[in-house]
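> below are the sequence and a predicted model for it; my questions follow.
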Amino acid sequence: MGFTDLIKFAFSMIYTITLNPTLDITIDVEELVYDDVNKVIGENRRPSGKGIDISRVIKELGGETTALGFIGGYRGLELEGILINEGIICDFIRTSSETRSNIIIHQKKKRLKTLLSTSDPGLSTLDISLFLDKIKVIPKGNYVVISSGYPIGINDSLFPQMITNLNERGVRVILDADGDVFKKGIHARPYMIKPNIHEFSRLVNKQIKDVGEIIEHARPLLDNMDVIVVSMGQKGALAITKEETIQAIPPAVKVRNSMGAGDSLIAGMAFMLSMGNTIEDALSLGVACGTASTLNHTYSIVTKKDVEEIKNFVTIKKF
């Protein structure tokens, strides 16, 4: 059965948060020659950021999101314009700082890439206040995915404050983070968290190696959230609630790029949950999306066709 057979009528809207989006500019040259003119033979400009990529995947699946976050300057306007042209609804806070950019120089002859990254833009206390005011009006019953790098210079109470504000409105928060900001965010009681196995190890301060250890260390955390999803690469993902524990295992595929697979997994799960589907169905589609993203060289790009084909071969195991 394909995932389209599982889709119900849409009940909830999905909002994605990217606090620090980036405009990626990829420049192709045959070979980089120093102290000489280098002719550019190709150029691509693409907005990036974890929340933005989640919005892209949900759009490909047939869903709709609103992308939230901060943009500034000419690069910010360009980033927003590209996303709108992709069909993604945007509602960014405009700041006085220029949006970050990554310039990737690709030497085709040597098959080398060089990354030049600009500094993170600063966020003012006014920027943060305006953003918190914006999320305070998200209607009850919707989903918000916080899957973003943390802004430099911002107190680590931002995630807990965001989650607290959303919880007060009856909005379900999906949190994907790492380190101390992740631990603080969990204390604010998100609906769901989605670490990978390495992030989960850091969360519980123990090197986690297998499914049994994940289950053992996840259960005590369920007082602070409803669902824990731990992604495990080619072993798929594990979803743990107080009522059930489910593993979704993908078929073997030829992996071309594993970056962004976790974001694609979150996208598939959020899409299904917003339609009123079960955790099992959401996990199955999420793993199919994460696996589909590994088939492409470009970060977090999936096709609906690949997802549908992989979904038919995802194995569900219950504990």
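Structure's in. What do you need?
> for the rest of this, base every contact and every neighbour count on C-alpha atoms.
Fine.
> could you find the closest non-adjacent residue to V287?
L265 (5.5 Å; Cα to Cα, 6 or more residues apart in numbering).
> so how many other residues sit close to that neighbour?
31 (other Cα atoms under 10 Å).
> ok, now the one 5 residues further on?
Number of residues near A270 (other Cα under 10 Å) recorded here: 28.
> all strands for the stretch 101-250 of the chain, in order.
Per DSSP state E, counting those that start in this stretch, the stretch 101-250 of the chain carries strands over the ranges 112-117, 143-147, 172-176, 192-193, 227-231, 237-240, 245-249.
> quick one: these as JSON lines, columns for mean neighbour count, mean pLDDT and distance to I52 too.
Listed next are those as JSON lines, based on neighbours: other Cα atoms under 10 Å; pLDDT from 0 to 100; distance: least, Cα to Cα, whole Å:
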{"stretch": "strand 112-117", "mean neighbour count": "13", "mean pLDDT": "93", "distance to I52": "18"}
{"stretch": "strand 143-147", "mean neighbour count": "26", "mean pLDDT": "96", "distance to I52": "9"}
{"stretch": "strand 172-176", "mean neighbour count": "24", "mean pLDDT": "98", "distance to I52": "14"}
{"stretch": "strand 192-193", "mean neighbour count": "24", "mean pLDDT": "98", "distance to I52": "18"}
{"stretch": "strand 227-231", "mean neighbour count": "26", "mean pLDDT": "98", "distance to I52": "20"}
{"stretch": "strand 237-240", "mean neighbour count": "25", "mean pLDDT": "98", "distance to I52": "22"}
{"stretch": "strand 245-249", "mean neighbour count": "22", "mean pLDDT": "98", "distance to I52": "25"}
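> list of residues touching the helix or strand hosting the residue nearest to V287?
According to DSSP states H and E, L265 maps onto helix 261-274. The contact list for helix 261-274, computed with Cα atoms under 8 Å, 6 or more residues apart in numbering, reads 7, 10-14, 50-51, 53-55, 57-58, 61, 63, 142-143, 145, 147, 194, 196, 231, 278-279, 281-283, 285-291, 293-294, 300, 302.
> of those, grab the buried ones for PyMOL.
Filtering the contacts of helix 261-274 down to the buried ones (16 or more other Cα atoms under 10 Å) takes a single PyMOL command:
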select buried, resi 7+12+13+14+50+51+53+54+55+57+58+61+63+142+143+145+147+194+196+231+279+281+282+283+285+286+287+288+289+290+291+293+294+300+302
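> so V229 makes contact with I193?
Yes: assessed by Cα atoms under 8 Å, V229 is found in contact with I193 at 6.2 Å.
> quick revisit: tell me which of the contacts of helix 261-274 fall in helices.
Counted as lying in helices by DSSP state H, out of the contacts of helix 261-274, are 50-51, 53-55, 57-58, 61, 279, 281-283, 285-291, 293.
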